[in-house]
Each structure stands twice: as structure tokens, then as C-alpha cells.
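Enquirer: here is a sequence together with a model predicted from it:
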Amino acid sequence: MRLFSFLLLIVGFLHFSVSAQTLTSSKLPILIINTNGQTIPDDPKIVASLQIIDNGAGKTNSITDKPSFSSKIGIELRGATSQQFFPKKPYGFELRDTSGLNSANASILGMPSESDWVLNATYNDKTLIRETLTYDLNRQMSKYYTPRYRYCEVIVNGSYSGIYILFEKIKRDKNRVNITSIKTTDISGDALTGGYIFKIDKTEGSASREWNSAYQTNGKNILIQIDRPKPEDLAEAQFQYAKQYATDFENALKGAQYQDSLVGYRKYINDDSFVDYLLLTEVCKNVDGYRLSSFFYKDRDSKGGKLVMGPIWDYNLTYGNSNYCNGNSYQGWAYDFTRTCATDDFQMPFWWDRLLSDKAFASKVRIKYQALRKNVLKTERIQNYIDSVATELTDARTRNFQKWPVIGVYVWPNGYVGQTYQQEIDYLKTWVKNRLEWIDNAVLPFGSDVLATEITDGFTFTISPNPSIGDVTLQYQLQQRTNVRLIITDATGRQMNSLSWPNQSAGDHQEIVPARSLPTASGTYYLQLDLDGQPVSRKLLRL
């Protein structure tokens, strides 16, 4: 189905009549790249030149102005889907010295000095805002590093290429992922313990050492990669150490004592960073979240030494901009991907369901979300941000869409196709409003119990049919004899009814909840079943 969508996408490009749009001036910085006639390949980088025209905030930049920055660069294509199927190509480049052979650090557009940078083409997000909105939110939600960015317009070999977002590439650096730079000779003691950057992602364009997690999801392997150090800089002892540490974390999380603060998963991870990552992923409902472009890192034991989730990366298929795996709906949890899209080749690790089954972790998620809703995640604040960026991009995005006429045209995997740019903006703003209100209702009724929908160790709880119009069948399993109570609430947490089955024996059980005991109005309701003293919730849709 997804391959078919790609074929439609390619066929659709045949009717595009790309204009000979030229750029003379812009309110955004202008990047001019000259490859001297060379085609930019996927790999390896070719030597080119870069000029940046940036006269400062609020000032107009003209292509005839003196460049504020010039450098030799090594440049290549990057990305997987975006590189293969979209005509507007993303690039990665490395600043180099005058010989063009050696990397060189420098500050670009006010961002801290480094050599490696990314030009994000932001092609299938027609608002051009989803990426920057997400990074803006994360920078305010989390104390951990968020890559910096600047909007710009790009010219390649004299041809206008449109709006791009210049990003810092994820790397070890005091101004990026601030962990120890491990040397190949660091193969024992504290020096061996960090720093490492890991990722869960596709392998296209990736040079890394990797292994399959011992725990599959839906029969699919979960590939864990070491992104830094690069393979040529990674000693075998370091690879084995990093792999073992990540494996020990997974074993502890999977084990019976996973909630124990001393021997459970908290021994291995900074759980606050995992809370932050989960919240961001759920707010924007990233269909690729948890399973692709997912980075985490580890510094030396002497500097904390636990796994930190992040930095965040790649958010074009967010806020309803995906028509597969329920990605366009503002309802439902992104971490339910293992159930809503069980046949996809790229599955999530088991971590997130398991973490949320720990009430302490789930409570942290709920409490932080509710606090953020009072400021950073206020609907009006986010909508104002969207409007302000759209206004800032007015002239540049007009040129961009003349070059790339995608407004009103389906581009894989759009969850919505507006006929105007303003319709795309309105859809994004409405989707955000609906999403936050849905999360408000989903996390409030039972707090952590609503988030902890995946049942662990000992019993199951299912509802059928769901959606329903009549009687509902409950199936559950008990480990010991106990009293069972069912509480039915609406989406606001208001109790509608309750039922009890006292002194139930251990084993499998099936109960019929008659229609007369269920809400008569259509809508979303929650059924909380107390099993062995642990409340577990399920959502029920009444038609």
C-alpha cells in the first residue's frame, strides 16, 4: 500500500511545470552553493563552495550583497524517503579548510561553531512549520539539548531551490550532545563507559555498528545502532561495552523487578529524559516516533553515566501529516503503534509500554503534561507561534511554492490536502487544539492508569466488541482469588456506573456487561477494572 502511494507520488510529479523562479532578495538568510558542475551524490561528499548572505535580523538580504560567510564544503544528499522520492533534495554538508580536504569548525548564522550541518528540505509539510514548531516546544519542555536551526533560502549551482531549514547535525560537542569524546585507546575503566550516541533508525546513509535487540516486537527485529563514535573510531571493546550496557537496560526493564529503584530500569536510564521524549512524541503524535530517528546517549559513569533519551530529530510526519497507521487522527496514543500498525517493518522497542506500566513513570508523564498545559502547551501560545512563523515566511514561501507547486496536490503521505496555504495552516492549528484537548481527557480520568494501557505480568483485560452498540464482553485473567470491580466513566472522569464480581477465583474469566449497564449516548468512555488490586483501564467507543 505504501509502495503504491509512492508510485502515485511519482506519477503526480509528471504534470508539474516547475517555474524558473529566481531569487534576488529575501528576509531570510541566503545560502549559495556551487559544485562547479558536479552532481551531488548520496555518498561520498563532493567538494563545493558555500556563501551565506545574512545582513542581520530584520534586514533584507540581496544576492548581490557581500557574503557574511564563505567556505569550502563537502556536500552530499541525505535522508531515505525524502532523497529517493522527492524532487526537492535534503543535503548534509561539512565545512572545510581552503584545501577542501579537511574539516573546519565555524559558527553559521549565529549558531555555535561546528563543522557538520544539515539542510532539511521540508517538502511534504506544506506549512513548512511542523519541524520548527516541534523543536521550539522541546526546547521549552526539556532541559536536554535540542538541535538549533535557522530558516533560509537556498541556491544550488545558480538554480533557486526554495526554503530550507539549516539544522545542527547531532554530534558530540560541548554545544551539542555534551558528552565525553571517547578515544579508540579508551578501552578500560571509567574511560570505557562513555560517551556513546545510539539510535534506532533505518540504515540508509548510516555508517554505524549495530545489533538486534534480544526482544522482538510483533516478530520484527529492533536494530540498535551506535551512531558515535563512527565505526572506524570505535574499538571492539567499546562496541561490546555499549552493546552490553543497552542490553542490560533492556533486561532490567523486561525483568520481574523492573520497577525497583536499585536493580530495575532506573539503574540504567535518566527517566526524566524518557518522560520528555514521550510527551513530545505524543503531543505531536509522531508516526515515526519511538521507532525511527530515535537517538539516546550515554556519558562516562563519572559524569552520570545513564542513558539519556534524545536529541529529538525528524518531525515532518507530525500533527496529522500522515495518512497511514492512524497518523492523521488527533485521537489515540502514538505508542500504540505496535497495535495499530503491527505489520510495519519498523516496529517500536518494547520499552514504552513497559515504562508506562510503571505507575511512578506514568504519573511523572501525567503530572508534567498537566503543568506544561498551563504555559508551554497552552493552545493559544502554540497557535500564535504557528501564525507568527507563517507571517515571517510569507515572501519566501510564495517563491518556494512557485518552485515546488505542491499546494493542493497530494504528496506522500499527507493526511490532509488543503487547496491554499492558509487552509494548511488552519488544519495544523485545529489539529493541535483537538489533540491537546483529547490528551487532556485521556490522562485526567484515572491519571497514570489511563496511560498504563499495556497490561503486564499476570493477566489480560480485553473488551469486545469495541466499538459497540449493545452488550459488551469482558475477558480477564487473575493470578489469585480476589474481588473484581468495574467502574465506567465518561471522558471527563465522571462515574457513570459500577459493577462488582466478588470472590473471583484465579484463572481466566469472561463477564457480560449488559447494554442497560452501559452509557446510552454515543461517545468515548473508560472501563476501569480492578484486577488483583491493580486498576487497569480500557477505552470503549459507544456508537
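Expert: Structure received. Model, not experiment: these values are computed from the prediction.
Enquirer: mind giving me the domain split of this structure?
Expert: Annotated domains of the chain cover 2-168, 189-372, 458-542 [automatic domain parsing].
Enquirer: quick check: which of these is buried the most?
Expert: Highest mean neighbour count of those: domain 189-372, a mean of 19 (counted as mean count of other Cβ atoms under 10 Å). C-beta: built from backbone N, CA, C; applies to glycine.
Enquirer: quick one: distance of stretch 376-396 to the chain centre.
Expert: 20 Å (Cα atoms, centre = their mean, to the nearest Å).
Enquirer: next: stretch 154-171.
Expert: For stretch 154-171, the distance from its own C-alpha centre to the chain's C-alpha centre is 22 Å (Cα atoms, centre = their mean).
Enquirer: compute the first-to-last residue distance for that stretch.
Expert: One end of stretch 154-171 to the other measures 24 Å (Cα to Cα, to the nearest Å).
Enquirer: now do stretch 74-88
Expert: In stretch 74-88, first residue to last residue: 19 Å (Cα to Cα).
Enquirer: so what touches that stretch?
Expert: Residues from elsewhere that reach stretch 74-88 (Cβ atoms under 8 Å, 6 or more residues apart in numbering): 6, 9-10, 13, 16, 18, 33, 35, 40-48, 89-94, 96, 100, 103, 118, 121, 123-124, 161-162, 202, 204-205, 404, 411-412.
Enquirer: save the domains of the chain as a markdown table, and put in distance to N178 too.
Expert: Converted to a markdown table, the domains of the chain look like this (distance: least, Cβ to Cβ, whole Å):
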| stretch | distance to N178 |
| --- | --- |
| domain 2-168 | 7 |
| domain 189-372 | 8 |
| domain 458-542 | 40 |
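Enquirer: which one of the ones you listed lies closest to Y385?
Expert: Checking those against Y385 by Cβ to Cβ gives domain 2-168 as the closest, at 6.4 Å.
Enquirer: what average pLDDT does that closest one get?
Expert: What domain 2-168 shows for mean pLDDT is 89.
Enquirer: try stretch 333-344
Expert: When pLDDT is averaged over stretch 333-344, the result is 93.
Enquirer: then stretch 194-204?
Expert: For stretch 194-204, the mean pLDDT works out to 93.
Enquirer: again with stretch 486-494
Expert: Here stretch 486-494 scores 74 as its mean pLDDT.
Enquirer: same check on stretch 314-322?
Expert: 97.
Enquirer: next one: it to chain centre, how far?
Expert: 9 Å.
Enquirer: which residues of the stretch 201-350 of the chain score low on pLDDT?
Expert: 205-206 (pLDDT under 70).
Enquirer: quick one: the strands in it?
Expert: 209-212, 223-228, 294-298, 307-309 (DSSP state E, counting those that start in this stretch).
Enquirer: contact partners of the third one?
Expert: Taking contacts as Cβ under 8 Å, 6+ apart, the residues outside strand 294-298 that touch it are 170, 177, 179, 193-201, 227, 242, 245, 273, 305-313.
Enquirer: dump the residue contacts of the nearest residue to Y421 once chain neighbours are set aside.
Expert: Nearest-residue entry for Y421: I407, 5.9 Å, with adjacent residues in sequence omitted and distances by Cβ to Cβ, 6 or more residues apart in numbering. Contact partners of I407, counting by Cβ under 8 Å, 6+ apart, are 126, 401, 418-421, 424.
Enquirer: distance of I407 from I386?
Expert: Separation of I407 from I386 (Cβ to Cβ, to the nearest Å): 17 Å.
Enquirer: before we move on, back to that, make TSV out of the strands of the stretch 201-350 of the chain and add distance to L518.
Expert: Output for the strands of the stretch 201-350 of the chain, formatted as TSV (distance: least, Cβ to Cβ, whole Å):
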stretch	distance to L518
strand 209-212	44
strand 223-228	44
strand 294-298	39
strand 307-309	39
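Enquirer: so what does D508 look like in phi/psi?
Expert: phi -80, psi 140 (degrees, to the nearest 10).
Enquirer: repeat for L527
Expert: When read as degrees, to the nearest 10, the backbone of L527 gives phi -110, psi 110.
Enquirer: and it, what is it in contact with?
Expert: L527 neighbours (Cβ under 8 Å, 6+ apart): 463, 474, 486-488, 537-540.
Enquirer: hang on, the earlier thing: put the buried members of the contacts of I407 into a ChimeraX selection.
Expert: What follows is the ChimeraX syntax selecting those of those that are buried according to 16 or more other Cβ atoms under 10 Å:
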select :126,401,418,421,424
